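Asks: Any chance you could fold what I've pasted below:
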Amino acid sequence: MLPLPAGGEARFLVCAVPSALGRRWMEDQSLIRALFDQSRIGLVVHDTELRTTRANLGPEFFGVPLATDPWRHTPGQDLRAILVPEDADAIEEQWRRVLRTGEAVIDWEHSARRLKAPDQERILSSSAFRLEDRHGRAIGVAAVFTDVTEQHTARRRLALLHAAAARLGQTLDTTRNSEELTRILVPDFADLACVDLVDKVIQGDDPGVFSTGTPLRRIAVAPAGTWPAETYQRGDPVYARYLESDALRDGRAVLMPDLADLREQLAPDLERQRLLFPEAAASALIVPLRARGRVLGVLGLWRGRDRLPFGVNDIPLAEEVASRAALSVENSRRYSSELRTVETLQRSLLPPAGAEFTAAETAGTYVPAGTAAGIGGSWYDVIPLSSTRVAFVIGDVAGHGLGATATMGRLRTAVQTLADLDLPPEELLTHLDDLATRLAYTEPQPDGSAGGVVGASCMYCVYDPVTGRCAMASAGHPPPILTSAEGRTRDVDLKPGPALGVGGMPFEPAEFHLGPGSVLAFYTNQLVAHDKVSSEGLTRRLRESLHAAVKAGGSPADIGRAAVDRVLTEPAADDIALLVARVRALPDGATVTWRFTADPTVVGQARELVAAQLSTWGLEEMAFTTELIVSELVTNAIRYAGSPIGLRLIKDKTLICEVSDPSQTQPHLRRARLTDEGGRGLFLIAQLAHRWGSRYTPSGKTIWTEQTPGGAPEIPLDLF
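Replies: Presented below is the predicted three-dimensional model:
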């Protein structure tokens, strides 16, 4: 037996020993002794029965007393007396093949656990060759080896860390990151693995303090296909009271190298056993997923009985991988929180999805982007106007994130304010464009670039159910798709103007007549520009799906869902808005119109006509206040505007009274002083009517009032 250097631990180098050395084995032992003493190489010589005849290993390897002379060893010693059966069988199989074929084994790494310490992992790198006599006959096997346990452990550690660095954090999905963590650790490090996250983390909220009773949920297991049925399954709730919460809260792993004793101690607590101890598990390691000082969940690892149990040397590696995973989970949680915040803000700035008016039935569809970076400023709106008219609005702000969402909210508010002035579509967009230009110059982005309003698009459309007239204009937005009452589907013939904030070009309006039952579909450009298919192809697909849905007689909500489901075949990179409106017409007899000259005598005639019409509609209780309103408005038109004077009554959910004249001067409400002879007319109207207002027309202006049925309001005495 070749002795090791004095006081030296077994630390060897791999080398291949030529056959000539075997033939000279008995001739020059001093040469061999010097060779192995200096190079610290392990050597074992076996006979043809694989019994050990020579070795330079100390007794701590064999586990039996040896002779004083290290080259003289007790005959008959074999590997089964030294190593655990599984490792001895694997090594003997290789040596028999060397004896049989003469083919050497070079640098073969294998497990060599000793019988006296079966739980201590040891990896050897061996090279074996056949020994022959002078006549070429096999006389044994010589095996040269080194102990590479440390190198093997280091390589395994580096491989796991490299896999964790390369594969974790590739997605911002919490579940997928957790699943990737379990796949990294199984089977290289553990036989079973699971990830239990705090419920709040899964929802994107702050996890809070981790303690006994903290609700968790199992969101990942490996191997997924053969996960033990007796333990918690993926998706099941898990409670921290079944874990060593104090240790985990402090960021310390919980090591259970032998589950047999724990099973006996916890025999009455079957629920805890069900969580921690799968039937096939022999040891366990529970590691906290801790990031930025907070525990987000736990990583559970188990090994079976045919594998070395977890030891203290496994804890640093498991904690380092868990730390990387926890950071990925925390990033995913923060991303989910940001995505939810942006999406919630975006949805809060949108009107209700469905709305019904006298003029139309509408349904809006908003599809958020798949990522927070894609959520921007797509919006739609339905604004009721005076005289039962309605405005349809859809737009999109260039850019993404909270800035684009906030800009969208400002533009929507501006459109609602301008719509209250009853401006024509092209004039409203002109004012909106001025606002966008001003915001772009006065509120630059942090990087110094232009404000986020530049490049925003907007479509504004007004429909009048009394006349069936539809007018619209576009600022850089695609025209809507129209399905007429006769069933023909086409794009509206509209030339879009420049986007908001660009300026320099006028907005050209389009006017046409819509029959009752016609359907207008307004959409943002991302709906037909998200796929590899051409925009023209997606627009055609959208047109066909709308036509089929309208023909099937679905509601606007059904039409919108059908269109989005067919056109949107993959998660959108940008948010999408779609507004579907089915227009209506007022029933016959719901409106009546008169025209007068600017003659004071027509005031009494107007009152008589109004009273008669209200009697026909069964609204006699509203006659007194309506006559007062009509008398005041017609008198003002005669005095300040001149001929012609128009009077129209509209019976809807409210009673609408309109007086039109050729003057472009807008009336202003004021409180008259005691010495004033006039100035009380509009104040009186404001007291009698539920709402009132004025709008410009191509030939002048129209003053309108709305009254709710239910009796005449009290007239303030201080008016007289």
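Asks: pLDDT wise, what is residue 335 at?
Replies: pLDDT, residue 335: 81.
Asks: do the same with residue 67
Replies: With respect to pLDDT, residue 67 has a value of 42.
Asks: Residue 273 now?
Replies: What the model reports as pLDDT for residue 273 is 68.
Asks: At which residues are the strands of the stretch 551-700 of the chain located?
Replies: Ranges of strands in the stretch 551-700 of the chain, per DSSP state E, counting those that start in this stretch, are 576-583, 591-596, 645-651, 655-661, 691-697, 700-707.
Asks: right, so of the ones you listed, which gets closest to residue 163?
Replies: Proximity to residue 163 (CB to CB) singles out strand 576-583 among the strands of the stretch 551-700 of the chain, at 37.7 Å. (Glycine included, C-beta is placed from N, CA and C.)
Asks: which helices and strands sit right next to the closest one?
Replies: Under the contact definition 3 or more CB pairs under 8 Å, 6 or more residues apart in numbering; DSSP states H and E, strand 576-583 sits against strand 360-367, strand 379-384, strand 390-396, strand 519-523, helix 556-567.
Asks: now the ones you listed in CSV, with mean pLDDT, mean neighbour count and distance to residue 441?
Replies: CSV is the format used below for the helices and strands packed on strand 576-583 (pLDDT from 0 to 100; neighbours: other CB atoms under 10 Å; distance: least, CB to CB, whole Å):
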stretch, mean pLDDT, mean neighbour count, distance to residue 441
strand 360-367, 92, 22, 30
strand 379-384, 94, 22, 23
strand 390-396, 95, 26, 20
strand 519-523, 95, 26, 29
helix 556-567, 90, 20, 37
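Asks: what's the host helix or strand of residue 436 packed up against?
Replies: Secondary structure from DSSP states H and E places residue 436 in helix 425-442. Applying 3+ CB pairs under 8 Å, 6+ apart, we find helix 425-442 packed against helix 401-419, strand 457-463, strand 469-475.
Asks: Pass me the low-pLDDT residue ranges in this structure, would you?
Replies: Across the chain, the ranges flagged by pLDDT under 70 are 1-41, 57-77, 119, 240-245, 266-276, 370-376, 442-453, 530-535, 668-680, 711-720.
Asks: ok, back up a step: using JSON lines, lay out the helices and strands packed on strand 576-583 together with distance to residue 699.
Replies: JSON lines is the format used below for the helices and strands packed on strand 576-583 (distance: least, CB to CB, whole Å):
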{"stretch": "strand 360-367", "distance to residue 699": "26"}
{"stretch": "strand 379-384", "distance to residue 699": "24"}
{"stretch": "strand 390-396", "distance to residue 699": "21"}
{"stretch": "strand 519-523", "distance to residue 699": "27"}
{"stretch": "helix 556-567", "distance to residue 699": "34"}
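Asks: Of the ones you listed, give the one that comes closest to residue 151.
Replies: Shortest distance between residue 151 and the helices and strands packed on strand 576-583, using CB to CB, is found for strand 360-367: 54.5 Å.
Asks: which residues are in contact with that closest one?
Replies: The set of residues external to strand 360-367 that reach it, using CB atoms under 8 Å, 6 or more residues apart in numbering, is 346-347, 350-356, 378, 380, 382, 390, 392, 463, 465, 555-557, 559-561, 564, 568, 572, 575-584.
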